[in-house]
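> Dropping a prediction and its sequence here:
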Amino acid sequence: MKVLFLISEVEDIVKTGGLADVGKALPLALSELDHDVKIILPYYKAASDTLNLSNCIAQQILYVNDKPYAFDVKNLNFNGIDVYFVDYPEYFNSGALYDESGISNAEKFTFFSLAALRTAEAIGFKPDVLHANDWHTSMACYFAKHSPLSYEHFASTKSVLTVHNAAFQGVEHTLKVPSLDSKAPGMYIENDHINMLKTGLLYADKICPVSQTYAQEISTALGSHGIDDVIRQRINSVEGILNGCDYEQWDPSTDEFIAAHFSSEDMQGKVACKKDLQRTFGLRQNAKTPLLGMVCRTTLQKGFGYLMPILESLLDHDVQLALVGTGQKDITDELHRIAAKHPKQFVFIEDFKPDYAHKVEAGADFFLMPSEFEPCGLNQMYSLAYGTVPIVRGIGGLKDTIINYGEENSTGFVFQEPSSEALLSVIRKALLVRLEAKKEFSALISRGMKQKFTWEEAAEKYSEVYSGLKSH
């Protein structure tokens, strides 16, 4: 099938977070299944500085609300897939991908959605499926059905909207979105504010949250970030599809960032990785001391509301904690304070470097993910692969990938209640099992290392979704 894949970032081209991993891995996996995939994304300054591409077609002009938007289109062969870039420097030539100095992101990505559809038309690509991702490109699902600029070209196109994180919705006053015809029918506008994600959800033919549990959660008032009204309206079109893991990049038997290689058959290298992590982070080198790791944004979403109140109580135990991340200043300030007070046990590095992430995954005994919400999550998958036992809250993709200790085929430790006490309790339980039930603990590690959550499997499920849409 012909698939037009719209996303705001792609790993190895431009990246700020996990969305970029999907932007690379899923189109490649779909291409392997013989889909003809074309990716379109903005030509950010970060991409133009690195790639320096030439125009591939004549300049395009969009007229919206009587205003002309003239933009160029670049092309790159990316691992065998055509990537097209919308080159509109006024919107995308700033230093940061989502910089809002002067122009709202809602305006930038509303324009981008229109320009991406025009680009597909200009290159003669008539997709069977338009695959949009999150709020940045969700308006394309609406425009493909409603915009006179594109309606005819996309008359037989079906749309899929993958929801990676419903907390971000692209809400903005319509006056700040001049490329939007706010008088056009059917958009989700309340109090003169457009909600881009909700608009896309109303018009996508299929809605795919990034795990089965997250698909259930966003249909509830408590877990939906306020989109449950639209999700319940479209519930028969919702199907959760778990993201995959890049096991070429995250493989302890080949990882270039870690001190020694290891596998489920030979774990000796993990001992060396723990020593290396302790040495690198300035912790006392002791194989027996349980070492907990975290690599994440330091935000409430990642569970710091639960962790911070019990962090010093946790450090009353004979444990070490290696934490790498950046985020909210109030949280990072407090982490620095506690780390300075407990330098032999706790190191906080306010940074993000790939080698640190890999060292933590390879060297820690446990990986903490006490998230407030987690649509899919990837670090728990990495942790399983590296024999680092996940301690997670049973929500979203964490619930779908980690089986709690005590259940059949367990692979980690899961707590449910959104509280500091529940988090501390499950950590203590995990420490106790490691100390007193060594055989069970080793078996749990071994089972986890054999788990695989592949992009190939995700692509197969998306293929089934595409086929189902085309048969209707």
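Okay, I see it.
> which ones are touching the residue nearest to the spatial centre of the chain?
In the chain, the residue lying closest to the centroid (Cα atoms, centre = their mean) is Gly18, at 3.6 Å. The contact partners of Gly18, by Cβ atoms under 8 Å, 6 or more residues apart in numbering, come to His164, Leu378. In this view, the C-beta of every residue, glycine as well, is placed from N, C-alpha and C.
> Need the pLDDT of it.
Confidence at Gly18, expressed as pLDDT, is 85.
> Then Lys24?
Residue-level pLDDT assigned to Lys24 equals 96.
> buried set for the helix or strand harbouring it?
According to DSSP states H and E, Lys24 maps onto helix 18-32. Judged by neighbour count using 16 or more other Cβ atoms under 10 Å, the buried positions of helix 18-32 are 18-31.
> Check the offset of that helix from the chain's centre.
Taking Cα atoms, centre = their mean, to the nearest Å, one finds helix 18-32 lying 11 Å from the centre of the chain it belongs to.
> just stretch 363-379 next, same as before
Here the centre of mass of C-alpha atoms in stretch 363-379, compared against the chain's by Cα atoms, centre = their mean, lies 13 Å away.
> mean confidence score for that stretch?
97.
> same thing with stretch 230-237?
Across stretch 230-237, the average pLDDT comes to 96.
> Now tell me what touches it from outside.
Contact with stretch 230-237 is made by Tyr188, Lys198, Leu201, Leu202, Ala204, Asp205, Lys206, Ile207, Ile218, Ser219, Ser224, Val238, as judged by Cβ under 8 Å, 6+ apart.
> of all those residues, which comes closest to Gly269?
Proximity of those to Gly269, judged by Cβ to Cβ, is greatest for Ile218, which lies at 40.4 Å.
> Would you confirm that that closest one contacts Asn165?
No: with contact defined as Cβ atoms under 8 Å, Ile218 does not reach Asn165; the gap is 10.2 Å.
> rewinding a little: look up how far Arg297 lies from the residue nearest to the centre of the chain.
For Gly18, the distance to Arg297 under the criterion Cβ to Cβ, to the nearest Å works out to 10 Å.
> and Val73, helix, strand or coil?
When the structure is split into helix, strand and coil by DSSP: H, G, I helix; E, B strand; the rest coil, Val73 lands in strand.
> give me every residue that touches it.
Neighbours of Val73 in contact, by Cβ under 8 Å, 6+ apart: Asn55, Cys56, Ile57, Gln60, Tyr84, Phe85, Val86, Asp87, Thr119, Ala122, Ile123.
> Run through this structure and note the low-pLDDT ranges.
Across the chain, the stretches falling below the confidence threshold (pLDDT under 70) are 149-150, 472.
> hmm, what's the outermost residue in it?
Of all residues in the chain, Asp66 has its C-alpha farthest from the mean position, at 37.0 Å, by Cα atoms, centre = their mean.
> quick one: which of the contacts of stretch 230-237 is nearest Lys288?
Distance from Lys288 was checked for each of those by Cβ to Cβ. The minimum falls on Ile218, at 43.1 Å.
> Leaving out chain neighbours, which residue sits closest to the closest one?
Ser224 (4.3 Å; Cβ to Cβ, 6 or more residues apart in numbering).
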